[in-house]
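Engineer: need a 3D model of the sequence below.
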Amino acid sequence: MDRVKIGVGAFTFFATWERELSPNTCSVFKSILPFSRKLIHARWSGEACWIPLGNLELGITAESPISHPEPGQILFYSAGISETEILIPYGETRFCSSAGALAGSRILTISDNLNELALLGKSILWNGACDICFEIAD
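Structural biologist: Next up, the predicted model:
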């Protein structure tokens, strides 16, 4: 099975690609795996964490963008009115930035251990940033 392993601190999640919704975004993101950064709590979006990517340019345009993701629906946003970023919702989320509402392409969905995803989000809220790594699962 073509899944992605997401390691964040002591937590491990497995996600499936959203190729039907975002084929180009998934293809480009897969090509840069393994991918490691810092995961921090979202400032504007509610119960979500994000990976700020600044002016990272991957040549991706929005595919079936959404603004109200469900917990575990991972979004990729290419720079526009805000910086490039990845959003990982763990509860009620409305994707936003200081510039206003945003919409991102679904690239991955975590379907298992969603209760642990909420624990991770709350831990990052109270304890600060964590290292995160996306890699192809064995």
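
Engineer: what residues of the helix or strand hosting Asn115 count as buried?
Structural biologist: Assigned by DSSP states H and E, Asn115 belongs to helix 114-127. In terms of neighbour count (16 or more other Cβ atoms under 10 Å), helix 114-127 has its buried residues at Glu116, Leu117, Ala118, Leu120, Gly121, Ser123, Ile124. For every residue, glycine as well, the C-beta is placed using N, CA and C.

Engineer: what's it in contact with?
Structural biologist: When contacts are defined by Cβ atoms under 8 Å, 6 or more residues apart in numbering, helix 114-127 is touched by residues 8-9, 11, 13, 39-41, 47-49, 71-72, 88, 90-91, 110, 130.

Engineer: mind doing that once more with 6 Å?
Structural biologist: Applying Cβ atoms under 6 Å, 6 or more residues apart in numbering, the contact partners of helix 114-127 are Val8, Phe11, His41, Cys49, Pro71, Gly72, Tyr90, Cys130.

Engineer: show me the contacts for the fourth one.
Structural biologist: When you say that, I think you mean Cys49. Cys49 neighbours (Cβ under 6 Å, 6+ apart): Leu39, His41, Ala42, Ile88, Gly121, Ile124.

Engineer: the third one reaches Pro52, doesn't it?
Structural biologist: No - assessed by Cβ atoms under 6 Å, Ala42 is found out of contact with Pro52, at 10.1 Å.

Engineer: so for these two, which sits in the more crowded spot?
Structural biologist: More crowded of Ala42 and Pro52, by other Cβ atoms under 10 Å: Ala42, with 23 against 15.

Engineer: what pLDDT does the closest residue to that one other than its chain neighbours get?
Structural biologist: The spatially closest residue to Ala42, leaving aside those adjacent along the chain, is Ala48, at 4.2 Å (Cβ to Cβ, 6 or more residues apart in numbering). For Ala48, the model assigns a pLDDT of 97.

Engineer: look up how far Thr61 lies from Ala48.
Structural biologist: Distance, Ala48 to Thr61, by Cβ to Cβ, to the nearest Å: 22 Å.
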